[in-house]
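# what's the 3D shape of this:
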Amino acid sequence: MPLRVLIVPDKFKGSLTAHSAAAAIAAGWRASRPKDRIELLPMTDGGDGFGAVLGELMEASSERVAAVNAAHRSLSGLWWRSQDGRTAIIDSAAIIGLAMMRRGKFHPFQLDSFGLGIVMRAAEQGTARGIIGIGGSATNDGGFGMARALGWRFFNKAREELLEWWRLHELTEVRPPRVSSHWKVTVAVDVANPLLGPNGCSRIYGPQKGLRPQDFALAEKCLGRLASVMRKQHEIDCAKIPGAGAAGGLGFGLMVFAGGKIKSGFDVFADCAGLSKRIAAADLVITGEGRVDRQTYMGKGVGQVARLCRKARVPCLAIAGEILQPDDAQRIFARSRALLEIAPLKSAQANAARHLQQLAMEMAQEIRQ
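As a prediction, the model looks like this:
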């Protein structure tokens, strides 16, 4: 009997977008089981590719505005407007993303989120709310640059305006914009870290952006001062909220400077896609991502798909670039395969679509016709 197969992968970071991964899996599956009814549903948890996935689900049109990247180099800032015109969708990684930066060329003290604020200002015109996915940023500025672009101003004791986030340890006054915004902002996050401390953004995610151990103290002092002044002057205390440390503290910044509300990026996607109903209507679900690891098992996107499948009693297969702790994978997936089983690392990364297609074909062959 033909099966109803739902293919719902995340991106294979550095190799494939979620859309490309879904297409490769579908091609392999169809090669073995051409009669199955296949539905493609690329997934996002708030990181790179968030805008494209959510924009497609909401039948949104893409728009552009002149902006800058994290290093203040000019770019065409992409965002999406929903079909009814009321909602703007913004993907921070497409504006201030780490993947856009040449590795080692810039230190995080040289980067900020100003460009995101430019795009937010443009997207706010004519829309009632914004949904902003913030994963994959190159910044660690606590949303300082974004706030400046929105009209917030920062001063030290000498009444000098601070224009670089690494000087925030001097901060004594924060002045709000002259015109307040009524835009409702949902902040889609893919991690639950606080702003500060051993599990905060600087120590946990700073190193992958270029922060060195000797930079931690200054970064913490700057973001801690920012949080302290906002708490004392504006009675806004968000530093400990889970997700405040997402995207180098951008979660914090969007809460305190734009009135944003934190929400799991996966939940934003699942609600928009009607994911639970789609899973319940399927006979089989196939998911995947670049690396299945402890974060997956603890409930990141692909793990959440597996959880929903268990609840609906629908088998869930997983295909990943690599699978760590395979015993745990066996516990949450009906079957799982990794590209590294059939290809060395360099080939798995460079030819991910071809290998993904092959594994999907093999897994389909294992199902009785």
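
# contacts only, for V5.
W29, D36, R37, I38, E39, A282, D283, L284, V285, I286 (CB atoms under 8 Å, 6 or more residues apart in numbering). Bear in mind the C-beta positions are built from the backbone N, C-alpha and C, glycine included.

# which stretch of helix or strand covers the fifth one?
Under the criterion of DSSP states H and E, E39 resides in strand 37-40.

# and what of the first one?
For W29, the host element (DSSP H and E) is helix 18-32.

# just the buried residues of that helix, please?
Judged by neighbour count using 16 or more other CB atoms under 10 Å, the buried positions of helix 18-32 are 18-30, 32.

# output those in JSON lines; the columns should cover distance to R294 and pLDDT.
Formatted as JSON lines, those follow (distance: CB to CB, whole Å; pLDDT from 0 to 100):
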{"residue": "A18", "distance to R294": "21", "pLDDT": "95"}
{"residue": "H19", "distance to R294": "26", "pLDDT": "95"}
{"residue": "S20", "distance to R294": "26", "pLDDT": "96"}
{"residue": "A21", "distance to R294": "21", "pLDDT": "97"}
{"residue": "A22", "distance to R294": "25", "pLDDT": "97"}
{"residue": "A23", "distance to R294": "28", "pLDDT": "97"}
{"residue": "A24", "distance to R294": "26", "pLDDT": "98"}
{"residue": "I25", "distance to R294": "24", "pLDDT": "98"}
{"residue": "A26", "distance to R294": "29", "pLDDT": "98"}
{"residue": "A27", "distance to R294": "30", "pLDDT": "98"}
{"residue": "G28", "distance to R294": "28", "pLDDT": "97"}
{"residue": "W29", "distance to R294": "28", "pLDDT": "97"}
{"residue": "R30", "distance to R294": "33", "pLDDT": "97"}
{"residue": "S32", "distance to R294": "32", "pLDDT": "95"}
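
# what domains does the record give for this protein?
The chain is divided into the following domains under automatic domain parsing: 4-43+274-365, 50-266.

# coming back round to it: name the helices or strands packed onto the helix holding W29?
strand 4-7, strand 37-40, helix 50-57, strand 284-292, helix 352-365 (3 or more CB pairs under 8 Å, 6 or more residues apart in numbering; DSSP states H and E).

# buried stuff in the first one?
In this case it means strand 4-7. For strand 4-7, by 16+ other CB under 10 Å, it's V5, L6, I7.

# then the second one?
Within strand 37-40, the residues that count as buried by 16+ other CB under 10 Å are I38, L40.

# follow-up on the earlier one: next, the angle strand 284-292 makes with the helix holding W29.
130 degrees (axes from the mean of the first three to the mean of the last three CA atoms, to 10 degrees).

# now do helix 18-32 and helix 50-57, the angle between them.
Using the same axes, to 10 degrees, helix 18-32 lies at 60 degrees relative to helix 50-57.

# what sits up against helix 18-32?
Contacts of helix 18-32 (CB under 8 Å, 6+ apart): 5, 7-12, 16, 36, 38, 40-44, 49, 52-53, 286, 288, 319, 352-354, 356-365.

# again, only this time at 6 Å
Residues from elsewhere that reach helix 18-32, judged by CB atoms under 6 Å, 6 or more residues apart in numbering: 7, 9-12, 38, 40, 42-43, 49, 53, 286, 353, 356-357, 360-361, 364-365.

# using PDB, write out every CA atom in that helix.
The C-alpha coordinates for helix 18-32 follow below in PDB (Å, rounded to 0.1, in the frame of the first residue of the first chain):
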ATOM      1  CA  ALA A  18      16.100  22.800   4.900                       C
ATOM      2  CA  HIS A  19      14.500  23.100   1.500                       C
ATOM      3  CA  SER A  20      17.400  21.400  -0.300                       C
ATOM      4  CA  ALA A  21      17.500  18.700   2.300                       C
ATOM      5  CA  ALA A  22      13.800  18.000   1.900                       C
ATOM      6  CA  ALA A  23      14.200  17.800  -1.900                       C
ATOM      7  CA  ALA A  24      17.100  15.400  -1.700                       C
ATOM      8  CA  ILE A  25      15.300  13.100   0.700                       C
ATOM      9  CA  ALA A  26      12.200  13.100  -1.400                       C
ATOM     10  CA  ALA A  27      14.200  12.300  -4.600                       C
ATOM     11  CA  GLY A  28      15.800   9.300  -3.000                       C
ATOM     12  CA  TRP A  29      12.500   8.100  -1.400                       C
ATOM     13  CA  ARG A  30      10.700   8.300  -4.700                       C
ATOM     14  CA  ALA A  31      13.400   6.400  -6.500                       C
ATOM     15  CA  SER A  32      12.500   3.400  -4.300                       C
END
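
# tell me what the helix or strand where L116 lies is packed against?
Assigned by DSSP H and E, L116 belongs to helix 114-124. With contacts taken as 3 or more CB pairs under 6 Å, 6 or more residues apart in numbering; DSSP states H and E, helix 114-124 sits against strand 61-68, strand 74-81, helix 93-96, helix 144-149.
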